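# predicted model and sequence below, questions to follow.
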Amino acid sequence: MSMLDCGIAFFCFLPMPWVIAIGLAALLQSPVSEFFLKRLLFIQTIALFVAWTWVSVQGGRNPASSVDLGSWVSFKEYHFEIRLIWDDLSRAHSFLVLFLFSVILRFSFEYLHRDPGFLRFFFLLTVTLQGMLVISLAGNLDLLVAGWEWVGICSVSLIAFFGRTLRSAANSIRAMISYRICDASLLLGTIGFHHELGAYGFNDALHGAKGSLYGFLIVCGIFAKSAQLPFTNWIFRAVEGPTSSSAIFYGALSIHLGPFLLLRTWDMWAGHIELRLFLGCIASLTAVYATLVGRTRPDAKTGLAFASVTQVSLIILEVTLGFRTFALVHLMAHAVFRASQFLRSNSLLADFQDNSEYRNVVTLSGAGERGWGGPRVDHLRERLYVFSVDLFYLDQLQLRIVRSLESLSSYLRAPFSWLPEISVSSPVYWILFAIYLPILACGVIAWRVGWDVPIPRWGMDGILFGAVFLSIQSFTAKRAFESFFAVVGSQALVLVAGFFGNEDAFIGGVLLLGVMPVAQVYLLVFLRSWFRSGGSERLDGFQGAASLMRDESKYFILWVWIASGLPGSLAFVGEDLLFHGLHEKGVYLALVLVSVMCLNGIAYYRIYARIFLGPLDESVLPRPMHPGFRAALLTCLLAVFLGAWMLRGT
C-alpha cells in the first residue's frame, strides 16, 4: 500500500478509537468529566481535519484513488471486501461531514451542559461521525450498508434521548419501523448485486430485468432516510430529540444520505429509464406534499423538518435529471443553511422580538386578506389547508396497515389458540432450551450428512412460512413474553433453513447460533426479573424502567442491536453469509429472510421501548444487577465484537 492509501484508510477509521473509549466509559460508568471529554473530542476534530487536508493534497493529482484493504471475511464464493474510494464526491461529502460535526460539537457542549445523558449523547454522535465517514469513503455497497446501519441506529437512539416523555418513546418506534423497512430493501438490492457481480464497485452495472429489479430496491432504500413518500411523517416527530441532533440528522447530514447514495450508485441504476421516472415522480410528489404540510405546522422545528424534505426532494429530482454536479452543490449549501436554522430554532421568539424584519415579513404577507381567484379558489385553498393539517390522512393509512397486520396475525393464530399463554410463571428457560435443542440437532445432522441435503421445495417453503408467521406474531403481540418467544422461534427456523441451504448459509447459521442464544438468554433473564418485580407484561404502554435501571437499559439495547444484526458484530457476519447462501437457492428465499429479519428487529426494539422508555411506573421496585453478571455481560459483548474481527482473512 502507498502512503496515500494508508492515509485514506487512517482518515476513514480515525474516529474508531474514540468510539471504543467513550463507549467503554459509558458502559463501565467511568467518571469522565465534561472538560476531559471536550478536550478529547477537540483532539479528534483537529486530527480529522489534518488527515483530510493531507489526503486531499496528496491525492489532488489523481481524479480517483481506490484503496483495497482486503477481505474482512472470505469463504468459498462469499467475500466481504473492505474497499475505500477517494474522489471528488467523497472529498466534498467528507469535508461537509467534518465541518458540520465541528459546529454541532461546539454547540452541544453548552446545550447539554450537566445533562445526565452528556456522555451517552457524545458517544452516539461519535458513532454517527464514524458511520458518515464510512458512507462517504465506501468503495462498495457492502461497506456502505454497514455505515448506513450505524447512522440509523444512532438516529433512533437520539430520538429517544429524552426517553421519559411519551412522545419521544413512541416516535422512536415509528422511526425504527420506517428505517427497518427501507433498510431491508437496500440490503436486498446489495445482496442481489453482490450475487450477480461478485467483487464489484460502484461503476459496475447490471443490465436487463435483474438490473432493473436490484436498482429499484436500491432506490427504495433511500426513502426512509430522506423522508420520501410514503415514509415522510416520521421526520417531524423525530425532532423530539436534542436540537443539535435534529440539526445533524434531519437538517444537515442524515436526511441527505439518500441523494448521496444516488450520486454514488449512479452507474448502477441510472441506465434504467423506468427507475429514473419512478424516482422523479416520488420526489416531485414529496416536494409538493412537504411544502403544503410544512406551511401548516405550528412550531419552528417541525416546519424546518418539512422544509428540509422539500429541498431534499428537489435534490433527488435534480439527480434523476442528470444534473449531478448541481445536485451536489445544492446538497452542501442546503445542509449548511438548514443546520444553522435548526441551531437557531430555540431562540426564534427572541429573534422575533428583537428583529423588526420578522415583524415586517408578517405585515407584508397579507394575512387575513381575501385570496385571488374568487370563492371556488378560496374553497380549494381551505380544503388544501384541512388536508395539510391532517397530513393528507397518511397516518390513518399507515394505521390501517398495522390494523390489517393485527387482523392477519389473529387469523393465523386461531388454529393454535389451544396452546397455553407464556407468562412470568411459565418455565421460560426450559422453553428456550426446548427451542434450541432441535436446532442443535439439525446443525449436527447438516454437518455430518452435508448441507446440500435435498430438502423438498415444500419443506423449505414450510420452514420460511413458519418464520414469517412467527415474525408477524412478534410484531403484533400484546404481551412481552409472547413477542419475545415468537422472535426466538422465528430466528430458530431461519437457522434451520440456513443449515440446509448451502455451505455459506451453514457457516452463517453456525455464527448466529453462537450469538443469538447468548443475547436471548440475557434478554430473558432481565424480562423475568422485571416482571417479577411488578412490571407489566403487556406491551400497550410505556413503563420507564431506564430511570431506575440505567445499566440494564444500556446492556439491553446493545443486545437488542446485536440480535438485530449490528454491523461489526458476529451476528452481522452470520446474517450476511446466510443471506448470500440462501439467495443462491432463489431470490424469494432472500426476500422472505430479509423480511423476517426486518420484523424481528422491530419486535426487539418494541420490547425495549415499552419497558425502558416513557414515564416511570413508580410502583415497580427492580432488583439491581449483580456485579458478576455485569462482568459476564461485558465479556460476552467483547467476545461478540472481537470474534467478528478475528474472522478477518478467513
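Happy to help now that I have it.

# so how far is Gly163 from Ser553?
To Gly163, Ser553 is 8 Å away according to Cβ to Cβ, to the nearest Å. Just so you know, the C-beta spots here come from the backbone N, C-alpha and C atoms, and that holds for glycine as well.

# what's the overlap in contacts for these two?
Residues touching both Ser553 and Gly163 (Cβ atoms under 8 Å, 6 or more residues apart in numbering) are 546, 612.

# so those two - more neighbours on which side?
Gly163 (23 against 19; other Cβ atoms under 10 Å).

# give me the element the nearest residue in space to Leu187 that is not next to it in sequence is part of.
For Leu187, ignoring the flanking residues on the chain, the nearest one in space by Cβ to Cβ, 6 or more residues apart in numbering is Val594 at 5.7 Å. Using DSSP states H and E, Val594 sits in helix 587-612.

# coming back round to it: the residue nearest to Leu187: neighbouring residues, count only.
Around Val594 there are 22 residues (other Cβ under 10 Å).

# ok, now Gly568?
Residues near Gly568, counting by other Cβ under 10 Å: 18.

# surely it and Ala146 touch.
Yes - judged on Cβ atoms under 8 Å, Gly568 makes contact with Ala146 at a distance of 7.0 Å.

# my guess is Cys182 meets Gln228, correct?
No - using Cβ under 8 Å, Cys182 is not in contact with Gln228; the gap is 9.1 Å.

# now for these two: what residues contact both?
With Cβ under 8 Å, 6+ apart as the test, Cys182 and Gln228 both reach Ile222.

# quick one, what contacts Gly514?
570, 643.

# quick one: it and Gly443, what's the gap?
Distance from Gly514 to Gly443, by Cβ to Cβ: 11 Å.

# endpoints of stretch 535-543, how far apart?
End-to-end span of stretch 535-543 (Cα to Cα, to the nearest Å): 8 Å.

# so where is the protein shaky, pLDDT-wise?
Across the chain, residues meeting the criterion (pLDDT under 70) sit at 60-63, 76-77, 198-200, 347-374, 424, 446-458, 583-587, 617-630, 644-650.

# assign the nearest residue in space to Gln29 that is not next to it in sequence to helix, strand or coil.
Nearest residue to Gln29, sequence neighbours excluded (Cβ to Cβ, 6+ apart): Asp551, at 7.1 Å. The three-state assignment at Asp551 reads helix, by DSSP: H, G, I helix; E, B strand; the rest coil.

# what about the most centrally placed residue in the chain, distance to Arg264?
The centre of the chain sits closest to Gly152, judged by Cα atoms, centre = their mean, with a distance of 2.7 Å. As for Gly152, its distance to Arg264 is 17 Å (criterion: Cβ to Cβ).

# got it, and Leu96?
14 Å.

# next: Gly466.
As defined by Cβ to Cβ, Gly466 lies at a distance of 38 Å from Arg264.

# please say which of those two ends up with more neighbours.
Between Gly466 and Arg264, counted using other Cβ under 10 Å, Arg264 has the larger neighbour count: 22 against 18.

# for the more buried one, give me its contacts.
Applying Cβ under 8 Å, 6+ apart to Arg264 gives the contacts 89, 138, 144, 202.

# one more pass at 6 Å, please.
Phe202 (Cβ atoms under 6 Å, 6 or more residues apart in numbering).

# also Phe499?
By Cβ under 6 Å, 6+ apart, the residues touching Phe499 are 442-443, 446, 506, 509.

# save those as JSON lines, and put in neighbour count and distance to Phe392 too.
Shown next, in JSON lines, are the contacts of Phe499 (neighbours: other Cβ atoms under 10 Å; distance: Cβ to Cβ, whole Å):
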{"residue": "Cys442", "neighbour count": "18", "distance to Phe392": "49"}
{"residue": "Gly443", "neighbour count": "21", "distance to Phe392": "50"}
{"residue": "Ala446", "neighbour count": "22", "distance to Phe392": "51"}
{"residue": "Phe506", "neighbour count": "23", "distance to Phe392": "48"}
{"residue": "Gly509", "neighbour count": "29", "distance to Phe392": "44"}
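
# distance check, the closest residue to Leu186 other than its chain neighbours against Leu141.
Nearest residue to Leu186 in three dimensions, chain neighbours excluded: Gly221, at 2.7 Å (Cβ to Cβ, 6+ apart). Separation of Gly221 from Leu141 (Cβ to Cβ): 10 Å.

# next: Leu4.
Counting by Cβ to Cβ - Leu4 and Leu141 are separated by 24 Å.

# try Phe162
Using Cβ to Cβ, which is the criterion applied here, Phe162 is 35 Å from Leu141.
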